[in-house]
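Trainee: Sequence first, predicted model second:
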Protein chains: 4
Amino acid sequence: MPQRLTVRGNKRRTQIIDYAARKFAADGYHETSVADIVNGLGVGKGVFYWYFESKDALLKEILVDAQRDLRRKQRQAIADEPDPLRRISAAIRTSFVWLSSNVHLFLLLEQAKTDERFYNLVRHGEEMAVADALPHVKAGMDAGMIRRDDPLVIAHAILGVTTSLARLLIVDNKEDPLLAADRAIAFCMSGVSFNGKAKERPAGIL
Amino acid sequence: MPQRLTVRGNKRRTQIIDYAARKFAADGYHETSVADIVNGLGVGKGVFYWYFESKDALLKEILVDAQRDLRRKQRQAIADEPDPLRRISAAIRTSFVWLSSNVHLFLLLEQAKTDERFYNLVRHGEEMAVADALPHVKAGMDAGMIRRDDPLVIAHAILGVTTSLARLLIVDNKEDPLLAADRAIAFCMSGVSFNGKAKERPAGIL
Amino acid sequence: MPQRLTVRGNKRRTQIIDYAARKFAADGYHETSVADIVNGLGVGKGVFYWYFESKDALLKEILVDAQRDLRRKQRQAIADEPDPLRRISAAIRTSFVWLSSNVHLFLLLEQAKTDERFYNLVRHGEEMAVADALPHVKAGMDAGMIRRDDPLVIAHAILGVTTSLARLLIVDNKEDPLLAADRAIAFCMSGVSFNGKAKERPAGIL
Amino acid sequence: MPQRLTVRGNKRRTQIIDYAARKFAADGYHETSVADIVNGLGVGKGVFYWYFESKDALLKEILVDAQRDLRRKQRQAIADEPDPLRRISAAIRTSFVWLSSNVHLFLLLEQAKTDERFYNLVRHGEEMAVADALPHVKAGMDAGMIRRDDPLVIAHAILGVTTSLARLLIVDNKEDPLLAADRAIAFCMSGVSFNGKAKERPAGIL
DNA sequence: AATGAATGAGCATTCATTCAT
DNA sequence: TATGAATGAATGCTCATTCAT
């Protein structure tokens, strides 16, 4: 609501965003009341509405921020990589690394995606991530490295594998993100079959 | 609450379950009130609590029913298939067919999975589906048809691809479920690469 | 909110309307909370919203009902009166009688008229009252009994005198409504001057 | 709160009073928050409470100022007029002129009159206006120019006509105030009947 | 004089659940 | 079995007012 924030104000704002994101992820958006948030922070209820127009607006901001942050990281990771398959691998790896240090945001995104009110927002972010990946998938096809299919389908399948294994390996099993990424990459490259020519040589930590 | 239901009572019950499931899927569980349900059915509020202990209990029943139904269908489809890869393909294909005629249940399951209160329930159902698939994955590995990795990881990756492409191709694009399934199978079999020996010969409709 | 009300329900509804109207008039609409109303009636908060969509909706209903009631009474009083001036007098007299037994509704109408949200509603009711009076004013002009001016202006002036003297004589001084009406009629007929030919012979109760 | 204001401080104060008066009149006192006022003026919230003890106190000051201003103007207009009826006419005319250039204050007074908290204040101002008019009404009666009735009733009736026609002709129809005043005067002088001897010769501007 | 931040009681409204009939 | 009525805790949000700087 206020136009310009002081340094103190900006700290408060960030504090609320961070606390709320974790609480939403842990207890659920609907189950977390504004009262829970402000009480948890030990501030008055008015503080919340000083910084955010509504509870919905806060979640939207969290979601947009999270997706923007992940996207930015992915672009950086891909930037210097000429090989299409390696680009895709790098993107997957970045996702796992980002996710493992932002588990709450991952869970929150998954949650929001199933809520009519936020579905479009999350979906839009995903579409952009998919759109980012599309050129590389196409380039891979043109270079004969990737089998021909609708690139959109390929991209969504990769997203599905990433999401699914992130939940299993990172959230539940708390595995190392780079090792987990390698397994997702392996599946995306050759599915259940043995490595074909599409297999890239992983540049992971080990 | 009631022990035994008359024939009429059973119809009412089923009617409520069906209406509620669609409403929950369309508008969201939290956004759908018990009043919405009973008003939509043109009955009094007492009816609801005659048949169900609570709103939560109703959703749980819907979820369990849905997962049981899908699982039963998958078992039937797999029963006569000796080849491990074909079993997996058949399971995927069954999922797509079931999903395409139960889109609301698919969406509801996705939704419930992100809700703390129902997460364990849905997860438990998924674990069973994964458990069902596990022997086939292992058999495939033993037969040298599937590369060696943690079978659980493979199973979850397949689940991720299925879920992701079901949403894209069935829910959003309303594609034919068997064609959609073939694309998911293709990805699961060989990822982005060209079909290796792991590729099964599809036995789809065409 | 409910479609059909039982006898009991209708009683409750009327009870709420009546209690709220008096409370609104006494303490002010804004100053009276829904909690005040339900506590005053000794019922739960949900009861209010079982019968009314909102606090605003309740006030609107009170206002419309009040204006409809007054209008109906005025029409009855005028029905058998052939003389234009006597019709006007009868309408004024009816207003005073109605007002004296519905002081709270009078005050509430005055209050609502100054509230942006209800202004149009009240104004619309007044316009109808004025429209009811217009033909008689015109008839009086045509018959040479009323001086020529915009009938709308005349009608509003009469309304102004009625409102103003009702507040002074009925609300504040608690005078007899018929005597009070006679004073308003006298002013409307000849203003500050002595009775000219426009003076009607009062047919008041005494 | 502050005892003495600097020149700049006085300007601020006047600025707030003026802005708030218009906002209150346009949107309603309750609907206008202190935040609305300070934001509309582009100043901080503290400013408001530097100059005014409370929101209520501000409105009270606006109301008192408005009534004092109108009263002062009426006294000036009446000062040199010996004829009782002409005095009354002059007062009515002054009201219309003042109202037409202070529509927001007129509306605000009407609004405040229906609010328990401000009723007494506004009423007190009106009583003083009535008290101002009373001697002239009495003088008119003594001179045989005005029919005998309770002067208070006559004065309130005049006030009612003025208020009612001001709303119709000035606020709604935006008529010329002097022409509008003439119509109010005509009604006050002879009601609906033709001009008797009570009719004064209007000394309006034209 | 002025600002942005903070307070917290209060408000309208919702809704799962219970109850009398 | 079924209904309409009732409950009341909880929620998101507002806003007059105060405070630290």
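Mentor: Arrived safely, thanks for sending.

Trainee: So the helix-or-strand element of chain A with minimal mean pLDDT, near DNA strand E or not?
Mentor: For chain A, using mean pLDDT, DSSP states H and E, the weakest element among its helices and strands is helix A:116-142, scoring a mean of 94. No - Helix A:116-142 stays clear of DNA strand E (CB under 7 Å from any atom of the strand), getting no nearer than 12.7 Å. C-betas here are computed from N, CA, C, even on glycine.

Trainee: Pop the domain breakdown of chain A in here.
Mentor: A:1-53, A:62-190 (automatic domain parsing).

Trainee: Return the most buried member of the ones you listed.
Mentor: Mean neighbours per residue, mean count of other CB atoms under 10 Å in any protein chain shown, is largest over those for domain A:62-190, with a mean of 19.

Trainee: give me phi/psi at residue A:174?
Mentor: Per-residue torsions, residue A:174: phi 50, psi 40 (degrees, to the nearest 10).

Trainee: Count the neighbours of residue A:56 for me.
Mentor: By other CB atoms under 10 Å in any protein chain shown, 12 other residues sit near residue A:56.

Trainee: State the pLDDT value of it.
Mentor: On the pLDDT scale, residue A:56 is placed at 97.

Trainee: repeat for residue A:156
Mentor: Reported pLDDT for residue A:156: 96.

Trainee: okay, the angle between whichever helix or strand it is part of and helix B:116-142?
Mentor: If you go by DSSP states H and E, residue A:156 is part of helix A:151-165. Interaxial angle, helix A:151-165 versus helix B:116-142 (axes from the mean of the first three to the mean of the last three CA atoms, to 10 degrees): 110 degrees.

Trainee: what's helix A:151-165 packed up against?
Mentor: helix A:84-101, helix A:116-142, helix A:177-190, helix B:151-165, helix B:177-190 (3 or more CB pairs under 8 Å, 6 or more residues apart in numbering or on different chains; DSSP states H and E).

Trainee: Show me the shaky parts of chain A.
Mentor: Under the criterion pLDDT under 70, the flagged ranges of chain A are A:3, A:196-206.

Trainee: how about 80 then?
Mentor: For chain A, the stretches with pLDDT under 80 are A:1-3, A:195-206.

Trainee: Quick one: residues in contact with stretch A:103-114.
Mentor: Around stretch A:103-114, the neighbours that count as contacts under CB atoms under 8 Å, 6 or more residues apart in numbering or on different chains are A:21-22, A:24-26, A:28-29, A:59, A:62-63, A:66-67, A:99, A:118-119, A:121-123, A:125-126, A:163, A:166-167, A:170-171, B:28, B:107, B:110-111, B:113-115.

Trainee: at contact distance from DNA strand F, anything in that stretch?
Mentor: No - counting by CB under 7 Å from any atom of the strand, DNA strand F is not contacted by stretch A:103-114; separation bottoms out at 14.4 Å.

Trainee: is chain B contacted by the helix or strand containing residue A:19?
Mentor: Here residue A:19, judged by DSSP H and E, is contained in helix A:7-27. Yes - Helix A:7-27 lies within reach of chain B by CB under 8 Å from any CB of the partner chain, at residue A:27.

Trainee: Next one: that helix, is it in contact with chain D?
Mentor: No - residues of helix A:7-27 contacting chain D under CB under 8 Å from any CB: none, with a closest distance of 13.3 Å.

Trainee: next one: that helix to chain centre, how far?
Mentor: Taking CA atoms, centre = their mean, to the nearest Å, the mean C-alpha location of helix A:7-27 is offset from the chain mean by 18 Å.

Trainee: and the residue located most distally from the centre of chain A, what is it in contact with?
Mentor: The outermost residue of chain A relative to its centre, with distances by CA atoms, centre = their mean, is residue A:44 at 31.9 Å. Neighbour list for residue A:44: residue A:38 [criterion: CB under 8 Å, 6+ apart].

Trainee: follow-up on the earlier one: okay, the angle between the helix holding residue A:156 and helix B:177-190?
Mentor: Using the same axes, to 10 degrees, one finds that helix A:151-165 and helix B:177-190 are set 70 degrees apart in direction.
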